[in-house]
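Student: Have a look at this prediction, sequence included:
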Amino acid sequence: MAAIENAGTTGNPAGDSDGTSREQIVEAAAAALAAAGSHDDVYGEVSRAAGVSRDAVAGAFPAEHDLLLAVLDLRDTQAEQFMAGPDDPGVDQLRGVIRLIERNATTPGLVALHWRLSAEAIVADHPAHAYYAERYQAVIAGTAEIFQQMADRRELADGVDPTAAAHALIAVLDGVQLQWLINPAGVDMAAIVRGHVRTLLPPGTEL
């Protein structure tokens with residue numbers, strides 16, 4: 001997303017002198033942070049995962065929040081690719097949302113990272129505030145557009161408002177992931193999301 005395109009540019013934009021790029025560091029960071037845990041030493045974990053020095057990571061990303069936002073941006077990009085459906089969006093993309101929530105269950109560390117940063121970003125001067133403001137605006141607008149196209153084709157249940165449905169779906173996705181982080185054994189994220197999506201569709205629509 002544009003909010004972090006220039007994150008960390010006060011450091012070495014190309015990465016370390018050993019040839020490791022910022023992109024490689026971010027990919028290594030995403031892999032290292034995907035597992036559950038507190039991740040108290042982010043630079044240390046990432047340097048070991050990337051096979052570079054701690055100074056190399058700090059040189060590419062002088063501020064830890066720049067690195068963490070870059071990881072979330074990569075996660076968003078991968079999610080969009082994972083959910084990519086037909087040129088004519090509709091029920092298939094909602095099925096993609098369910099598949100994505102199943103996939104997120106395999107990366108609890110990244111889900112927790114999203115929640116920790118989003119909570120901190122409520123404060124307007126937080127470094128992640130602009131990222132999350134832009135993220136939610138874009139995600140809700142894009143989802144509302146898909147729902148509007150579905151409504152035009154009569155693929156939504158009667159009485160479903162596309163914009164309200166977009167806000168509600170994002171709220172359900174966020175809420176169920178937070179509940180899952182707290183009680184992973186007691187929350188079936190995919191089943192809950194699938195049940196909510198069914199309420200938006202005409203009876204008999206297969207998911």
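Tutor: That came through, no problem.
Student: residue ranges with poor pLDDT in this structure?
Tutor: The model of the chain has pLDDT under 70 over residues 1-20, 36, 84-88.
Student: Please enumerate the strands of it.
Tutor: Applying DSSP state E to the chain gives no strands.
Student: mind giving me the domain ranges of it?
Tutor: By the assignment in automatic domain parsing, the chain contains the domains 1-71, 85-207.
Student: Would you check how far apart the nearest residue in space to residue 35 that is not next to it in sequence and residue 152 are?
Tutor: Leaving aside its sequence neighbours, residue 35 sits nearest to residue 109 (CB to CB, 6 or more residues apart in numbering; 5.0 Å). The way it works is simple: take the backbone N, C-alpha and C, and place the C-beta from them, glycine included. With distances taken as CB to CB, to the nearest Å, residue 109 is found 40 Å from residue 152.
Student: same thing with residue 176?
Tutor: Residue 176 is 28 Å from residue 152, where distance means CB to CB.
Student: quick one on the thing from earlier: the residue nearest to residue 35 touches residue 31, doesn't it?
Tutor: No - the pair residue 109 / residue 31 is not scored as a contact, 9.7 Å apart, by CB atoms under 8 Å.
Student: and for these two, which residues touch both?
Tutor: Common contacts of residue 109 and residue 31 (CB atoms under 8 Å, 6 or more residues apart in numbering): none found.
Student: And the nearest residue to residue 132 once chain neighbours are set aside, its phi and psi?
Tutor: Nearest non-adjacent residue to residue 132, counting by CB to CB, 6+ apart: residue 121, 4.5 Å away. Residue 121 adopts backbone torsions of phi -80, psi 0, taken as degrees, to the nearest 10.
Student: What about residue 121, how many residues nearby?
Tutor: Counted by other CB atoms under 10 Å, the residues lying close to residue 121 total 20.
Student: same check, this time on residue 83
Tutor: When neighbours are counted by other CB under 10 Å, residue 83 registers 18.
Student: swap in residue 24?
Tutor: Neighbour count for residue 24, taken as other CB under 10 Å: 16.
Student: Grab the most central residue of this protein for me.
Tutor: Nearest to the mean C-alpha position of the chain, by CA atoms, centre = their mean, lies residue 76 at 4.4 Å.
Student: That one reaches residue 135, doesn't it?
Tutor: Yes - using CB under 8 Å, residue 76 is in contact with residue 135, at 7.1 Å.
Student: how close does residue 80 sit to residue 100?
Tutor: Taken as CB to CB, the span from residue 80 to residue 100 is 10 Å.
Student: So for those two, which sits in the more crowded spot?
Tutor: For residue 80 versus residue 100, neighbours defined as other CB under 10 Å are more numerous around residue 100 (17 against 13).
Student: returning to what we had before: which residues does the residue nearest to residue 132 contact?
Tutor: With CB under 8 Å, 6+ apart, residue 121 has these contacts: 128, 129, 131, 132.
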